[in-house]
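Novice: Please work out how this folds:
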Amino acid sequence: MSKKTMLILYLWLCGMPFLAFAQTITLEDFLNQLQKTHPLFEKEKMTAKIEKETQNSYLGAQDWNLNASVTYSHEEPAITFAGPDQTDAVSIDGSIERVFWKTGGRFSASISSGFAKIEINPLYNVPSNLYQNQIAVSYIHPLLKNRNGFLDRLQHDLKQFDIDFSEIRAIENMEDFLAGATGKYLDWVYLTEQKIIIAERFKLSEEKLDRTRRKRKANLVDQADVIRAEDAVRIWRQNLVLAKSHWKALQAELAVLSNNDQLYNYYPEFNLYDIMDPLLLDEAILQLKNESRLVRLLKIRSDQLSHSRIGFKEISKPDLSAIVQFNLKRTEDTIGESFLLKRPDALVGLQFSLPVENRTAQSQLLKTELQISQLNYQIDDVVITLSSALTNLHIQLQELENVLELNQEQIESAKERTKEELKLYNQGRGDLTFVIQSTDNEQYAKLTYATNALTYQKMQIAYKALMDQLYN
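Specialist: Predicted structure coming up:
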């Protein structure tokens with residue numbers, strides 16, 4: 001039976017199924033599962049939908065508006081000279097109005113019908129019953145202020161910036177969440193590697209204890225060597241139990257986080273020691289300046305303020321509007337003739353209005369310009385901050401690659417030293433303490449290598465998150 005086969009069997013007997021025989025889950029599969037099950041993703045996606053419905057609510061401003069009324073009035077003058085003694089009147093009125101966003105115009109049309117019963121001295125020769133019907137149409141068209149309906153659409157158009165902002169903000173929040181979850185997954189990968197290293201060391205310590213006991217029976221070593229070997233077994237058994245408890249706890253946390261009970265049966269599948277090639281620093285910084293979500297968020301706010309500034313400029317303009325009105329009406333003492341509308345009225349004119357100082361709009365305009373300038377400085381500040389953080393990560397990643405190479409050399413050196421110490425001990429020229437110490441150093445070198453590899457992988461995740469590469 002080969003050493004590898006014996007190690008697999010040993011790990012299985014220790015309650016630690018070997019990775020080759022266990023179900024595994026990759027980082028990509030884990031994150032995909034997380035996106036399907038965790039409520040944060042649906043919550044973030046709803047933000048833009050809420051903003052969209054808020055925008056749609058502004059569309060009601062250009063809906064047709066219908067009005068209708070029915071009134072009855074009774075009037076008895078306190079003093080009558082030549083007027084009626086009593087008047088009873090009934091009127092029915094209806095109108096329809098609409099604002100046209102494409103032109104900024106206001107259209108209205110109305111129809112009214114009324115009946116009045118008048119009690120008056122017959123000497124005045126006034127009909128006792130009067131019927132009146134009227135149709136009226138009017139249209140107001142802006143020529144300066146709100147031309148082409150800019151102000152009517154302003155709130156609706158500004159809300160589009162909020163929608164774009166919320167969509168990018170949601171993606172940024174989801175990416176931050178994925179970055180945190182990825183970090184936990186990498187911890188799980190590290191603890192898996194740690195378990196393997198510690199289990200291997202525990203196995204070696206048991207083998208050394210067994211050999212030492214046999215040598216003690218043959219009076220080749222002292223009882224002190226047996227005690228030292230037993231202490232080593234106890235220490236590494238304790239380390240293994242502790243590592244397994246941390247591993248199980250983190251596995252349970254990830255299972256709950258992803259709402260996936262199957263994860264209790266899985267091991268992570270990830271190469272902890274894989275070295276990736278990031279972009280050249282200059283290219284990465286240029287890409288960050290052009291595509292960073294944080295910068296895009298600030299630019300959206302800047303564009304929104306620029307659009308608002310146009311609105312304040314529009315408000316500052318004089319209000320010059322063309323007015324067209326036309327109506328037909330007729331009043332008769334018989335209901336039939338009152339519907340023969342033959343008396344037209346028409347009006348065409350211009351309406352002009354201008355606040356003398358217009359201080360409100362001017363102050364809002366100046367405030368908006370200052371806010372735009374402030375945002376531009378903030379954009380520059382964010383670009384510098386992100387670039388400095390990216391530079392820091394880039395250099396650390398490069399240096400860590402060198403450290404990982406040194407870790408590999410340290411492991412090989414520790415293995416060679418262990419072989420030599422064991423050779424000396426078997427020849428009776430060495431001490432078991434040095435063998436145990438050398439074996440421990442070998443395992444500690446492997447743990448250091450795994451720890452530094454974990455740090456490297458987490459820096460890679462931070463680098464990708466900074467470059468907005470974790471969530472698309």
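
Novice: what's the pLDDT at the most centrally placed residue in the chain?
Specialist: Nearest to the mean C-alpha position of the chain, by CA atoms, centre = their mean, lies residue 170 at 1.1 Å. With respect to pLDDT, residue 170 scores 95.

Novice: Does it lie in a helix or a strand, and which?
Specialist: Element membership for residue 170, per DSSP states H and E: helix 150-217.

Novice: quick one: whichever helix or strand comes after that helix to chain centroid distance?
Specialist: Sequence-wise, the next helix or strand downstream of helix 150-217 (DSSP H and E) is helix 223-257. Centroid separation between helix 223-257 and its chain, computed with CA atoms, centre = their mean, to the nearest Å, is 41 Å.

Novice: what does stretch 441-448 give?
Specialist: 42 Å.

Novice: same question, stretch 161-169
Specialist: Centroid separation for stretch 161-169 versus its chain: 9 Å, with CA atoms, centre = their mean.

Novice: Then stretch 111-119?
Specialist: 63 Å.

Novice: in it, what counts as buried?
Specialist: Neighbour counts over stretch 111-119 (16 or more other CB atoms under 10 Å) mark 111, 112, 113, 114, 115, 116, 118 as buried. No exception for glycine: its C-beta is placed from N, CA and C like everyone else's.

Novice: Which segments of this structure make up each domain?
Specialist: 3-37+155-301+375-466, 65-99+105-145+319-353 (automatic domain parsing).

Novice: Give me the pLDDT value at residue 123.
Specialist: pLDDT for residue 123: 54.

Novice: so where is the stretch 1-150 of the chain shaky, pLDDT-wise?
Specialist: 1-22, 78-83, 85, 119-127 (pLDDT under 70).

Novice: Show me the strands in it, by range?
Specialist: Along the stretch 1-150 of the chain, the stretches classed as strands by DSSP state E, counting those that start in this stretch are 23-26, 65-75, 86-99, 106-119, 129-142.

Novice: just to revisit the earlier point, could you pull up the contacting residues of the closest residue in space to the residue nearest to the centre of the chain that isn't next to it in sequence?
Specialist: Spatial nearest neighbour of residue 170, excluding adjacent residues (CB to CB, 6 or more residues apart in numbering): residue 44 at 3.8 Å. By CB atoms under 8 Å, 6 or more residues apart in numbering, the contact list for residue 44 reads 170, 171, 173, 174.

Novice: so how many other residues sit close to the closest residue to the second one other than its chain neighbours?
Specialist: Looking back up the chat, that one is residue 171. In this structure, residue 171 finds its nearest non-sequential neighbour in residue 471, 6.0 Å apart by CB to CB, 6+ apart. Applying other CB atoms under 10 Å, we find 20 residues neighbouring residue 471.

Novice: Residue 471 contacts residue 168, doesn't it?
Specialist: No: using CB atoms under 8 Å, residue 471 is not in contact with residue 168; the gap is 11.2 Å.

Novice: any idea how far residue 182 is from the residue nearest to residue 353 when sequence neighbours are not counted?
Specialist: Sequence neighbours aside, residue 319 is the residue nearest to residue 353 in space, at 4.0 Å (criterion: CB to CB, 6+ apart). For residue 319, the distance to residue 182 equals 58 Å [CB to CB, to the nearest Å].

Novice: Between these two, which has more neighbouring residues?
Specialist: Using other CB under 10 Å, the more surrounded residue of residue 319 and residue 182 is residue 182, with 22 against 15.

Novice: my read: that one touches residue 471, true?
Specialist: No: Residue 182 lies out of contact with residue 471 (CB under 8 Å); the separation is 10.6 Å.

Novice: Leaving out the residues flanking it, which one is nearest to residue 148?
Specialist: For residue 148, ignoring the flanking residues on the chain, the nearest one in space by CB to CB, 6+ apart is residue 104 at 6.0 Å.

Novice: same thing with residue 105?
Specialist: Excluding the flanking residues, the one nearest residue 105 by CB to CB, 6+ apart is residue 141, at 4.5 Å.

Novice: Run through the stretch 351-472 of the chain and note the low-pLDDT ranges.
Specialist: With pLDDT under 70 as the threshold, the stretch 351-472 of the chain has low-confidence stretches at 425, 428-430, 432-433.

Novice: which stretches of it form helices?
Specialist: Using DSSP state H, counting those that start in this stretch, the helices of the stretch 351-472 of the chain run over 359-426, 432-466.

Novice: Highest mean neighbour count across those helices, which stretch is it?
Specialist: Counting by mean count of other CB atoms under 10 Å, helix 432-466 has the highest mean neighbour count of the helices of the stretch 351-472 of the chain, with a mean of 19.

Novice: Kindly calculate the angle that that helix makes with helix 359-426.
Specialist: 160 degrees (axes from the mean of the first three to the mean of the last three CA atoms, to 10 degrees).

Novice: Distance from the chain centre to helix 432-466, please.
Specialist: What separates the centre of helix 432-466 from the centre of its chain is 35 Å, taken as CA atoms, centre = their mean.

Novice: re earlier: contacting residues for the residue nearest to residue 105?
Specialist: By CB under 8 Å, 6+ apart, residue 141 lies in contact with 103, 104, 105, 321, 322, 324.

Novice: One more pass at 7 Å, please.
Specialist: Residues in contact with residue 141 (CB atoms under 7 Å, 6 or more residues apart in numbering) are 103, 105, 321, 322.

Novice: how close does the second one sit to residue 351?
Specialist: Using CB to CB, residue 105 is found at 13 Å from residue 351.

Novice: Just the buried ones among the contacts of residue 141, please.
Specialist: For the contacts of residue 141, a burial check counting by 16+ other CB under 10 Å picks out 103, 105, 321.

Novice: of all these, which comes closest to residue 38?
Specialist: In terms of CB to CB, no member of the buried ones among the contacts of residue 141 lies closer to residue 38 than residue 103, at 48.3 Å.

Novice: got a list of what that closest one touches?
Specialist: Contacts of residue 103 (CB under 7 Å, 6+ apart): 141, 148, 149.

Novice: repeat that for 10 Å
Specialist: Contacts for residue 103 were tallied using CB atoms under 10 Å, 6 or more residues apart in numbering; they are 139, 141, 142, 146, 147, 148, 149, 152.

Novice: re the thing from before, in JSON lines, list the buried residues of stretch 111-119 along with distance to residue 27.
Specialist: Formatted as JSON lines, those follow (distance: CB to CB, whole Å):
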{"residue": "111", "distance to residue 27": "71"}
{"residue": "112", "distance to residue 27": "74"}
{"residue": "113", "distance to residue 27": "76"}
{"residue": "114", "distance to residue 27": "79"}
{"residue": "115", "distance to residue 27": "82"}
{"residue": "116", "distance to residue 27": "85"}
{"residue": "118", "distance to residue 27": "91"}
